[in-house]
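Q: I'll drop the sequence and a predicted model, then ask my questions.
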Amino acid sequence: MSFVTVEGIEGSGKSTLLAGLESRLRSTGREIIVTREPGGTPAGDAIRRIFLEPALAIAPLTEALLINAARAQHVEEKIRPALRRRAIVLCDRFVDSTLAYQGYGRGMDIEVLRTLCDVATGGLLPGLTLVLDVPVEVSRSRIATRNASLDRMEAEEAAFHERVRSGFLELAKSSPRYRVIDASRDEDAVLADALAALSSAV
């Protein structure tokens, strides 16, 4: 499986899981690329800073356009070249985050968002998407322990994150490329489930 994405609400453990997967997959001898959205490139990282700035009020359509501008650059500059080299690409968020956050969370039309994402990616989709599912109260508790200021998305009300969580679970019903993992458990159990999903998806 060359292109794997990890999705979920804030505090679901995506970064921890990606670090574990990277460590385990090094033994395959293949190049491993770990990247994220928004970001992954200098242009994408600049857009990320705007996107997450708590002081900014950003309309839902603007959010979707910013994310997909960063995504188009990410796919062109980093993801497709890595896949052509037969590297394994592990990505923290991709198209499904746009559908969950701007679609289910903000109420934008899902099909409009799918079209926008398809233009940005040139139709590229991951072979496997791991959806890390945690209750919103667990997410809130984990974020609170970070001792860091909240970014614009983390600062959203709980009801927003409930809608986003429901969106991810709804999306996961639509295709066999999704695997939902109970991420409220300890990180070793989550990693074991993710590795099993990778193994069965090959």
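A: Sure, I can see it.

Q: where does the residue of the chain most remote from its centre land on pLDDT?
A: Distance from the centre of the chain peaks at Gly29, with 25.0 Å (C-alpha atoms, centre = their mean). Looking at Gly29, its pLDDT is 91.

Q: please report how far it lies from Arg86.
A: 11 Å (C-beta to C-beta, to the nearest Å). Placement of C-beta: from N, CA and C, glycine included.

Q: same check, this time on Thr35
A: In terms of C-beta to C-beta, Thr35 sits 16 Å off from Arg86.

Q: the more surrounded of those two?
A: Thr35 (20 against 9; other C-beta atoms under 10 Å).

Q: which residues touch the spatially closest residue to Glu137 that is not a sequence neighbour?
A: Counting by C-beta to C-beta, 6 or more residues apart in numbering, Glu137 lies nearest to Ala158, which is 7.9 Å off, once chain neighbours are set aside. Counting by C-beta atoms under 8 Å, 6 or more residues apart in numbering, Ala158 touches Val136, Glu137, Arg140.

Q: look at the last one and report its pLDDT.
A: The per-residue pLDDT reported for Arg140 equals 91.

Q: can you count the residues close to it?
A: 16.

Q: let me know the secondary structure of it.
A: Secondary structure, DSSP: H, G, I helix; E, B strand; the rest coil: Arg140 is helix.

Q: quick check: it touching Val134?
A: No: contact status for Arg140 versus Val134: not in contact, 9.8 Å apart, counting by C-beta atoms under 8 Å.

Q: now do the shared contacts for the two.
A: In contact with both Arg140 and Val134: Gly11, using C-beta under 8 Å, 6+ apart.

Q: break down the chain into its helices, ranges please.
A: 14-25, 42-52, 60-74, 80-84, 95-98, 110-121, 136-144, 158-171, 187-201 (DSSP state H).
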